[in-house]
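> Output the structure for:
(chains A and B)
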2 protein chains.
Amino acid sequence: MSFYSKRDLNFQLFENQKVLDLVKYPYFKDHSEETFQMVLEAADKIAEHALKPLMTEMDRNEPQLVNGKIMVHEGMKKILRQFGEDGWINATFDYDDGGQQLPNTLHMASGFIFQAANYSASVYPFLTTGAANLIRTFGSKELVKRFTPNMYSGKWQGTMALTEPDAGSSLSDLTTTAYPTDMEGIYKIIGQKIYISCGDHDACENVIHLMLARIKGSPAGVKGISLFVVPQKRVPNGEPNDVLTEGVYHKMGYKGAPIAHLMIGTNDGCEGYLVGEANKGLSYMFQMMNEARVGVGMNATAIGTAAYYTSLAYAKERPQGRRIGDKDPNKPQVPIIQHADVKRMLLFQKSITEGALSLLLFCSKLGDIVHVSEGKEKEEKSLLLDFLTPIAKSYPSEMCCLTTSAAIQILGGAGYTSDFPVEQYYREARIHPIHEGTTGIHGLDLLGRKMLMHEGKALKLFVRELYKTIEEAIVIEVLKPFGKKLEKYLNSGQQVGLHLISKASAAPEEFLADATLFLEYLGILTIAWQWLKQGVTVQKNMALENQESEFYKGKMMCLRYFYEYELVKMDALGKRLISEEMPTIDMKEEWF
Amino acid sequence: MSFYSKRDLNFQLFENQKVLDLVKYPYFKDHSEETFQMVLEAADKIAEHALKPLMTEMDRNEPQLVNGKIMVHEGMKKILRQFGEDGWINATFDYDDGGQQLPNTLHMASGFIFQAANYSASVYPFLTTGAANLIRTFGSKELVKRFTPNMYSGKWQGTMALTEPDAGSSLSDLTTTAYPTDMEGIYKIIGQKIYISCGDHDACENVIHLMLARIKGSPAGVKGISLFVVPQKRVPNGEPNDVLTEGVYHKMGYKGAPIAHLMIGTNDGCEGYLVGEANKGLSYMFQMMNEARVGVGMNATAIGTAAYYTSLAYAKERPQGRRIGDKDPNKPQVPIIQHADVKRMLLFQKSITEGALSLLLFCSKLGDIVHVSEGKEKEEKSLLLDFLTPIAKSYPSEMCCLTTSAAIQILGGAGYTSDFPVEQYYREARIHPIHEGTTGIHGLDLLGRKMLMHEGKALKLFVRELYKTIEEAIVIEVLKPFGKKLEKYLNSGQQVGLHLISKASAAPEEFLADATLFLEYLGILTIAWQWLKQGVTVQKNMALENQESEFYKGKMMCLRYFYEYELVKMDALGKRLISEEMPTIDMKEEWF
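Residues are numbered from 1 along each chain as shown, chains lettered A, B, ... in the order given. Presented below is the predicted three-dimensional model:
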């Protein structure tokens, strides 16, 4: 059963986002449509043959803590080696780092395929990539040499070790402490970390934590946080480094990946190696975290996509009921895809997942350009990416909880049983509004920070980008009404934004009380923009290749669906956002 | 940890729905506030001491099929006997049936307590009640005598056996066949049934299926369906009746209740006993099903309530972050209930679950009045109940998927782990939009049937009921704006309804394409009405008992929340519902 659409992914990359633009930059000059297609084909092959077959098994056989070690599915070891050998882990890195200077956009597109096939399995190598990237970007040559080669090969697991029992959303409150030693750059680390994805498991030979801790004597809050490499076993001698696995979390979904509770330096024997400068750890981490956040949006979208294709296949095959107005019980039943309500649930899934994929690849391409460009181009793309990141993380995460729910609904009772994978997709989708910053945190980030930063410059760039698409659309007859509609909602959006910003200094609590709703509000606008962008591409390409008209017709109908059923939700949200009533502020704890 | 609020349940029953009105009817004359309170206290006791302690255990130890028998949690046997001995199963039945003539409203309120404590366990006795009720209402005296006493005692399990592999939403397509025998009223049954809740288990001594089948030669469709009592073991001799358990479904949630796949008459040895007249089975079943549908709404609400109280307790205790504007990292963190966004998620849960509970008890009371009244009163209450049933089933079912999700979000990463019960509530909530008719089916029922029936008389009664509350509200100063707002939305609602109905004959597919959205639309209006009703009660009672002002203040804030955040959603839905664009009809299978 297909779990994503090659045709759509090709459309998104090559037709809509024009990813080949990137090879004009010297850094990517060795790449071409051919190398990109090879990457996608290779990803498809691993996904189909190595990842997908284990998806259900890994869900049914959760990681277990046995004698202080987390045991994961036996298939993971082979998968990790394959990811290493095939060069996936450092594919986007410089040639000097053994990488292929692959645009991150292609890495994200490949990730999308992996995540749709087996979300849990896809997490392991992606975490290693992120951790290795921190070391090679901010660490000393010595750290790079000591730790990264075995990470690239898939032998060692990388992690991001941030969360602590009292420091989740409020990362600035972390208390894990680093004590200087006689040796420069080497610290004794003492503390504990929770919810560490792939924080320990038996499919690798060592775990390399990129860990946040506060150097003894550093200031409280965000300004006193440093970044350390903390290996599970010391390198090169392989002795234990006093990082103990206290427990493994049992979770609702995403069960194939082990989430660990770690005790660090319990016996005063944990060495950590400072990455870059002291007290700059959070800013280092955030440079990677932004990529990880777009990555979370992609995870959610991939899971939503797999659920969509499962429910689509079911809807085509399952006979039930008859067309409206046809009540003759002697006639055969029709496949449920003929019912408007089922098509509505399919269009909902298709419009959300394909709209989100469009945004995520747009953001990935921005990231690539930021990486290889200079001056004004770099600055503007960087600001635009910063602005879009909370939306790219949160909209797909929130909405794919609903699209996977729609997939269950199409299957009915069958969808609630473990005979079909949609219930697993539903459980796995639910993590994404939580990790890498909850939706609430991203709402505050968007409204409280991104809207205002650089005197609203990022916002202006966002608005400009929408107008660019609107201008392209309104000269195409069939797209004109959609262009006009988007313009209208963009205008309302700006008014709502100004209304909120006007409260920022005088009434900061009111300003931010509905930040989560504002994030949803701008999320809908953003995806409507991405759909219009797809519409423009479709209209331009339809003239060229009539033979593919079914795919394009589906795209056009999905655009119509989104503007009819989703965009209107901005009316309700906008009305709420400009209201002066503040029940969520006025409510008191003792009244609940 | 509390899983529901006694204070709120008392408010809902005695203050808001004025359930004591019922004791004016002769049938309920032996009851009083005292007997009602005794019932609620008894329910609380079982829930707290027998049901709640097994909730998690039953989820972790799913029923298993062992040698053709489904084995369930060992605690269920004791629970079922206790329900029998304490008279819960036939509490609402006539004195002549050994019952207590308890109003169904109280039975539903008790059910709410049971379901909030342990949804899976609560299902077993409720199913037996429903099955026994069918036998005593439509069956012969002989069937009543033979089957019901052991059902009342909790020794035998009752079921509703409707669904078949090719007949789910389209029940009229069922093919299980009943062949007449030489003995009157006795048939040989051959077929199979799937998704039969409590269809087989080892906590009872016999299973009594109330099964739909088609008598050989009966017409196709709904007009040829009959109802049979089909025991698992014959009565009184206890011999097997050729009802074999083919399998047990493994499900995402609601794991403590066994859902069976049954083969009937495989060896030509299954006897079924006709209930009432031939070919009237579906109408019998539907008289019970309406009650079951209100019951499903209650299940969802109970689960949502338990999740709400879990997240409320967590939010009061969990310190994380600081108030907006206070960034001093040296100050202690504050409990997250102080953050507006967390209060928003709590108010969302509170407003949905308490609004839904209000509607469900209103419906239950209507049912009681229909049961014991005559003439115009009976007719009008019956029509109003029919109209409200799809809403009472679907709004809580759909919304409590979202409220349990909000509960997870408040707990963050902890909510996604099995260390807290919210992830179980989230999984359990998801069944309700599916069983007893999917949301899509109820949309069609509301728009295609209930809106039009008796020339719109049910609709008129609904509108009248809302105006009654609006009139009470607008004379109370503080409620006037809410009354006006509800009136405005009621007017828009009528316009939207008329617009849709105008298409009923000329364009039936367009008329019904968005029936699910119309159901959501009227659902919001209905709950807004129930909140206004609660507001009226609060304002009247606040004058009397100032000492309880915190509870009442919470109610008023929740009313404000609902009108600010939920009612506005009708704007977006209404806009969509009057649009002439029909992408869900225009979309073609091959374009997906």
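> Start and end of stretch A:5-16, how far apart?
15 Å (CA to CA, to the nearest Å).
> The most centrally placed residue in chain A and residue A:390, how far apart?
What sits nearest the mean C-alpha location of chain A, by CA atoms, centre = their mean, is residue A:296, with 1.8 Å. Using CB to CB, to the nearest Å, residue A:296 is found at 11 Å from residue A:390. Quick note: C-beta positions are derived from backbone N, CA and C, even for glycine.
> Likewise for residue A:243?
According to CB to CB, residue A:243 stands 32 Å off from residue A:390.
> which residues touch residue A:201?
Residues near residue A:201 by CB atoms under 8 Å, 6 or more residues apart in numbering or on different chains: A:63, A:70-72, A:76, A:157, A:207, A:258.
> just the residues you listed now: which is nearest residue A:539?
Of all the contacts of residue A:201, residue A:539 sits closest to residue A:76, with 45.2 Å by CB to CB.
> burial count for the closest one?
Residue neighbour count, defined by other CB atoms under 10 Å in any protein chain shown, stands at 24 for residue A:76.
> secondary structure class for the residue lying closest to it once chain neighbours are set aside?
Nearest residue to residue A:76 in three dimensions, chain neighbours excluded: residue A:203, at 3.8 Å (CB to CB, 6 or more residues apart in numbering or on different chains). Following DSSP: H, G, I helix; E, B strand; the rest coil, the label given to residue A:203 is coil.
> just checking, what's the longest strand in chain A?
Longest strand of chain A, by residue count under DSSP state E: strand A:186-197.
> Wait, a helix at residue A:395?
Yes. The assignment for residue A:395 is a helix, going by three-state DSSP.
> what's the burial count for it?
Applying other CB under 10 Å, we find 28 residues neighbouring residue A:395.
> my guess is it contacts residue A:528, does it?
No. Distance between residue A:395 and residue A:528: 11.2 Å, which falls outside the contact criterion (CB atoms under 8 Å).
> which residues does the closest residue to chain B within the stretch 151-300 of chain A contact?
Going by CB to the nearest CB, chain B is nearest to residue A:221 of the stretch 151-300 of chain A, at 3.0 Å. Residues near residue A:221 by CB under 8 Å, 6+ apart: A:172, B:327, B:329-330.
> And the contacts of stretch A:277-290?
By CB under 8 Å, 6+ apart, stretch A:277-290 touches A:130, A:133-134, A:137-138, A:160, A:162, A:171-172, A:210, A:212-213, A:215, A:218-219, A:222-228, A:275-276, A:385-386, A:389, A:436-437.
> could you point out where chain A is predicted with low confidence?
Within chain A, the segments meeting pLDDT under 70 span A:545-548.
> so what are the domain limits for it?
A:6-155, A:157-279, A:284-577 (automatic domain parsing).
> Look up which helix or strand the residue nearest to the centre of chain A falls in, please.
Using DSSP states H and E, residue A:296 maps to helix A:281-317.
> Next secondary structure after that helix?
Helix A:281-317 is succeeded, C-terminally, by helix A:340-372 (DSSP H and E).
> could you check whether that following helix is close to chain B?
Yes. Counting by CB under 8 Å from any CB of the partner chain, contacts between helix A:340-372 and chain B involve A:340-344, A:346-347, A:350.
> between these, which is closest to residue B:179?
For the residues of helix A:340-372 next to chain B, the nearest to residue B:179 is residue A:342 (35.8 Å; CB to CB).
> Surely the closest one is in contact with residue A:411?
No. Contact criterion CB under 8 Å: residue A:342 and residue A:411 do not qualify, at 10.5 Å.
> Return the residues in contact with the nearest residue to residue A:155 once chain neighbours are set aside.
Nearest residue to residue A:155, sequence neighbours excluded (CB to CB, 6+ apart): residue A:205, at 5.1 Å. For residue A:205, the contact set (CB under 8 Å, 6+ apart) comprises A:150, A:155-156, A:233.
> same check, this time on residue A:51
By CB under 8 Å, 6+ apart, the neighbours of residue A:51 are A:79, A:114, A:117-118, A:121-122.
> Confirm that it sits in a helix.
Yes. Assessed with three-state DSSP, residue A:51 lies in a helix.
> how near is it to chain B?
Distance of residue A:51 to chain B, computed by CB to the nearest CB, to the nearest Å: 22 Å.
> same check, this time on residue A:408
Counting by CB to the nearest CB, the separation of residue A:408 from chain B is 7 Å.
> which stretch of helix or strand covers that residue?
Going by DSSP H and E, residue A:408 is in helix A:375-411.
> Off-centre distance for that helix?
Put simply, helix A:375-411 sits 7 Å off its chain's centre (CA atoms, centre = their mean, to the nearest Å).
> Check stretch A:120-133 too.
Taking CA atoms, centre = their mean, one finds stretch A:120-133 lying 13 Å from the centre of the chain it belongs to.
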